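Peer 1: Quick one: sequence plus predicted model below, questions after.
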Amino acid sequence: MAEQQIPNLDGNFYRNLRKYYPTVDRGEGVYIWDTDGNRYIDGSGGACVVSIGHGVKEIREAMLKQADRISFAHGSHFTSEAAIECSEQVVSLMPSPELNKCYFLSEGSTAIETAVKLARQYWREAGKPDKFKTISRWTSYHGNTAGALALGGHTARRRHYQPLILHTPHIEPAYCYRCSFEKTPETCNLECADALERMLKYEGPDSVSAFIAEPVVGATAGALVPKDGYWQRIRAICDQYDVLIISDEVMAGVGRCGQNTALDNWNVVADMVVMAKGLSSGYIPLGAVVVKEKIWETIRRGSGAFVHGHTYSMNPLAMAVGAAVLKYVKEHDLVRKAREMGQYLLEQLHTLRNLEIVGDTRGIGMFCGVEFVRDQTTKTPFDPKLKVNAKVFQAAFQRGLITYPGSGGADGIQGDHTLICPPFIITREQVDTLITLLREAIETVTQELYVQGA
């Protein structure tokens, strides 16, 4: 595929104003075609969104069936059969019968802010109005709206908007490859989890409403899987200090990590689970916050109303699509497939460790990442000006492989990685092709860096 240098100059305000975007034509299974006839393996599910694959006819049929009845009714006026069915499907995924109330949104960022507001109102109505702070982690991503950016821990995404966002307390991430406490997995005593207790004491437990984190970190560091025991320790600390756990499963949830919820991998139950992306597999914008009944019941018995809402919350068309996607996931046993094929994908990614600039390969389920370094021994990252992650992305894209690049994982500024999170339906043969194309892309970039003396 020939590299295009001329940026798009049509009426759209694109993310990158200097980049050329080919025009997408259609998708089927794990493949996407552009209007020039080029075919791509969707190795990242878009932005870790597409789980059931492109072009699934059952979803189209559910969408049209609902559209023939009604596409929109405001959530302050009506419920719908589609909304009731979608909530039943979502609740059936939850690890505990306590998690049984759903608040639907249009995407992940607003769902995150909804969860934080819900936690705040819950504590007010529970008679503890001083609990308002939400603790999060560095090297995290929770969305691009101002409130979500305040919770996020990614310097590049925050720096332009610092004056607009509130200060929120952050702790160190569970980043085994770059441990903030200079531990190895063998010497680790879960200091990164204990950091939460230390922060709670500094901030004052009576002022803290919730702790929010991704069970497996996605966009900002490339599939950081915590050591076993981390989430169990976090749950114990939150229970001790009366703090809610908000599990941000916008990327990691709905089977992506090989279980219904990502925290199922550690048998931990959150107080709220935030979902999006895989909830509708990209067929329509959709997000949700699933809460424990005690939160719902406290507000019901108190003021009786959650002071919050969005225009497209719970609209029938989105609800019908969400219900259809979740039914498809169950009927085709795709969570098991994500778990089993994810093991094969990770095994094959590990073969890339013999490449000079590959520092780490990691993941769980169909949620994997590759971190790039200048020196494997010292784990020294590349100069951010080199944009190594973008170079690997472009080299892979030119070969017909879509990946999800990222930067800043090492310290907020330095660090390059790519996420590999294809649809759950990918086959072993397609994984093999993906790995071959990714290897070729990394080798090409390595040679380019060598010539540059990087």
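Peer 2: Nice, thanks for sending it over.

Peer 1: How about the residue nearest to residue 397 when sequence neighbours are not counted: which residues does it bridge to?
Peer 2: Nearest residue to residue 397, sequence neighbours excluded (CB to CB, 6 or more residues apart in numbering): residue 40, at 7.3 Å. Backbone N, C-alpha and C define where each C-beta goes, glycine included. Each beta-bridge partner of residue 40 is listed here, defined by DSSP bridges: residue 32.

Peer 1: OK, contacts around residue 40?
Peer 2: Residues counted as contacts of residue 40 (CB atoms under 8 Å, 6 or more residues apart in numbering) are 31-34, 397, 400-402.

Peer 1: try 6 Å
Peer 2: With contacts defined as CB atoms under 6 Å, 6 or more residues apart in numbering, residue 40 is in contact with 32, 400, 402.

Peer 1: What score does the last one have for pLDDT?
Peer 2: In the prediction, the pLDDT value recorded for residue 402 is 98.

Peer 1: next one: the first one
Peer 2: With respect to pLDDT, residue 32 scores 98.

Peer 1: quick one: it from residue 444, how far?
Peer 2: For residue 32, the distance to residue 444 under the criterion CB to CB, to the nearest Å works out to 22 Å.

Peer 1: which one of the two has more residues nearby?
Peer 2: Neighbour tally, residue 32 and residue 444, criterion other CB atoms under 10 Å: the higher count belongs to residue 32, 22 against 17.

Peer 1: correct me, but that one touches residue 44?
Peer 2: No: at 10.9 Å, residue 32 does not count as touching residue 44 under the criterion of CB atoms under 6 Å.

Peer 1: Got phi/psi on the residue lying closest to residue 242 once chain neighbours are set aside?
Peer 2: For residue 242, ignoring the flanking residues on the chain, the nearest one in space by CB to CB, 6+ apart is residue 205 at 6.9 Å. Listed backbone geometry of residue 205 is phi -60, psi -30, with angles given as degrees, to the nearest 10.

Peer 1: Could you tell me whether residue 406 really is in a helix?
Peer 2: No: when DSSP: H, G, I helix; E, B strand; the rest coil is applied, residue 406 is found to be strand, with no helix at that position.

Peer 1: what's the spacing between it and residue 77?
Peer 2: Look at residue 406 and residue 77: by CB to CB, they are 41 Å apart.

Peer 1: Comparing these two, which shows the higher neighbour count?
Peer 2: In terms of neighbours (other CB under 10 Å), residue 406 is the more surrounded of residue 406 and residue 77; the figures are 24 against 6.

Peer 1: Identify the bridge partners of the more buried one.
Peer 2: According to DSSP bridges, the residues that bridge with residue 406 are residue 417.

Peer 1: hang on, it packs against residue 417?
Peer 2: Yes: Residue 406 sits in contact with residue 417 when judged by CB under 6 Å, with a separation of 5.2 Å.

Peer 1: ok, back up a step: relative to residue 302, which of the contacts of residue 40 is nearest.
Peer 2: Comparing these against residue 302 with CB to CB picks out residue 402 as the nearest, at 47.3 Å.

Peer 1: what's around that closest one, how many residues?
Peer 2: Applying the criterion other CB under 10 Å, we find 20 residues in the vicinity of residue 402.

Peer 1: How about the one 10 residues further on?
Peer 2: The number of residues packed around residue 412, counting by other CB under 10 Å, is 18.

Peer 1: Could you do residue 137 as well?
Peer 2: A count of neighbours around residue 137, defined by other CB under 10 Å, yields 27.

Peer 1: what's the answer for residue 296, then?
Peer 2: Based on other CB under 10 Å, the number of other residues close to residue 296 is 17.

Peer 1: same deal with the one 4 residues further on?
Peer 2: As a burial measure, residue 300 scores 14 neighbours (other CB under 10 Å).

Peer 1: doesn't it fall inside a helix?
Peer 2: Yes: looking at residue 300 with three-state DSSP, it is inside a helix.

Peer 1: Please tell me how far it sits from residue 129.
Peer 2: Note on residue 300: its distance to residue 129, by CB to CB, is 18 Å.

Peer 1: Same check on residue 200?
Peer 2: Residue 200 sits 18 Å away from residue 129, taking CB to CB as the criterion.

Peer 1: which of these two has more neighbours?
Peer 2: Comparing residue 200 with residue 129 by neighbour count (other CB under 10 Å), the higher total belongs to residue 200, at 24 against 10.

Peer 1: Which helix or strand contains the more buried one?
Peer 2: Under DSSP states H and E, the secondary-structure element containing residue 200 is helix 191-203.

Peer 1: Any buried residues in that helix, and which?
Peer 2: Using 16 or more other CB atoms under 10 Å as the test for burial, helix 191-203 gives 191-193, 195-197, 199-200.

Peer 1: Output those residues in TSV, with pLDDT appended to each entry.
Peer 2: Putting the buried residues of helix 191-203 into TSV (pLDDT from 0 to 100) gives the following:
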residue	pLDDT
191	98
192	98
193	98
195	98
196	98
197	98
199	98
200	98
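
Peer 1: my guess is residue 117 meets residue 308, correct?
Peer 2: Yes: checked against CB under 6 Å, the pair residue 117 and residue 308 is within contact range at 5.5 Å.

Peer 1: Quick check: neighbours shared by the two?
Peer 2: Jointly contacting residue 117 and residue 308 under the rule CB under 6 Å, 6+ apart is no residue at all.
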